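Participant: below are the sequence and a predicted model for it; my questions follow.
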Amino acid sequence: MTNSFATSAYGLGDSAPLSFKLLAIRFLRTLLWVSLVFIPFSINNQRTPSAIAEDTLNKPWRPMPQKRITPSQATYFMLFFFGVVQTHGLICHGVGHRQSTLLLGLDIWYNNFGGADDNPVVRNGINALGYLCFISGALEVALGEKLAFPLHSSLGISNSEYYLPQWLFIIACIIISTVHLQDLYDQKGDAIRDRRTVPLVIGDTAARWSIAIPMAIWGIICPHFWYVRYEIFSLSLGLAYTVALRVLTLRSVENDRLTFLLWNCWIATVYVMPLFSETAAWVHTT
């Protein structure tokens, strides 16, 4: 939502004035798309016998460990929403359809073919691609048009039209290097499922350092990329270093859950940086 009103920073040329009507329209259609894509993924993530066994230990409040719905019923719901997502892509002339289709492939790989279980690097990589699909797909739906991604040689170019792929690349690197924070408090359930996550492969302490160090780095790189205002810089940096310190010093399951919540708050500040950026003005004056 915030990025749809910060397109000048990306050189996308959308000059629609901010209004309550436009905000409401973009919010509703983005919420619809994100929900339609997320619901079948969430069902597929929870419906297998091994997932139910894990959730019985880690997340017993979920509907299948509670026996409020059967795996076969969940499968019917999942297939229904898969069909709705594809229909949505056709009705909206392909806006968000590339991302929802790729997310379907990532979903099957992650949940049905060992993508989440066999290799922690692959697991984090799938998570990163999933985040990028959600981010770029939601932005497309909010704007109501397909995005162009001029990827060729974009990493070494400072023109604003290349900022979107560069920024998506940075976000992918953030996810790959820090998202396994969510695996710290799920170690018992993941061990029962024989899932190879970062803390189970390299150990709890090493995993924590592998999160804290990148957090300290990204806390500086991200606001610098956009030349954000001081308030956002301070908030983002403070949250990043809070997460880094907590992950090293507070090691209970309850604290790890709270630390992951703070990580998500920090990610939210990262997402809104283009809206509070001086980059667009900087590009026009150089």
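Facilitator: Structure's in. What do you need? Numbers count the residues shown, from 1 in each chain.
Participant: C-alpha from now on. contacts and neighbour counts both.
Facilitator: OK.
Participant: for Thr269, give me its contacts.
Facilitator: Ile232, Leu235, Ser236 (CA atoms under 8 Å, 6 or more residues apart in numbering).
Participant: packing partners of the helix or strand harbouring the last one?
Facilitator: By that I understand Ser236. Assessed by DSSP states H and E, Ser236 sits inside helix 230-249. Packing partners of helix 230-249 (3 or more CA pairs under 8 Å, 6 or more residues apart in numbering; DSSP states H and E): helix 204-226, helix 253-271.
Participant: any chance of those in TSV, plus distance to Ala74 and mean pLDDT?
Facilitator: Formatted as TSV, the helices and strands packed on helix 230-249 follow (distance: least, CA to CA, whole Å; pLDDT from 0 to 100):
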stretch	distance to Ala74	mean pLDDT
helix 204-226	34	95
helix 253-271	27	95
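Participant: give me the angle between the helix holding Ser236 and helix 253-271.
Facilitator: When axes from the mean of the first three to the mean of the last three CA atoms, to 10 degrees is applied, the directions of helix 230-249 and helix 253-271 differ by 150 degrees.
Participant: hang on, the earlier thing: quick check, nearest of the contacts of Thr269 to Ser100?
Facilitator: In terms of CA to CA, no member of the contacts of Thr269 lies closer to Ser100 than Ser236, at 29.5 Å.
Participant: residues near the closest one, how many?
Facilitator: Ser236: 24 surrounding residues under other CA atoms under 10 Å.
Participant: what about it, distance to Asp256?
Facilitator: 19 Å (CA to CA, to the nearest Å).
Participant: re the thing from before, which of the contacts of Thr269 sits closest to Val198?
Facilitator: Nearest to Val198 among those, with distances taken as CA to CA, is Ser236, at 25.2 Å.
Participant: looks like the closest one contacts Val270 (just checking).
Facilitator: Yes. Assessed by CA atoms under 8 Å, Ser236 is found in contact with Val270 at 7.1 Å.
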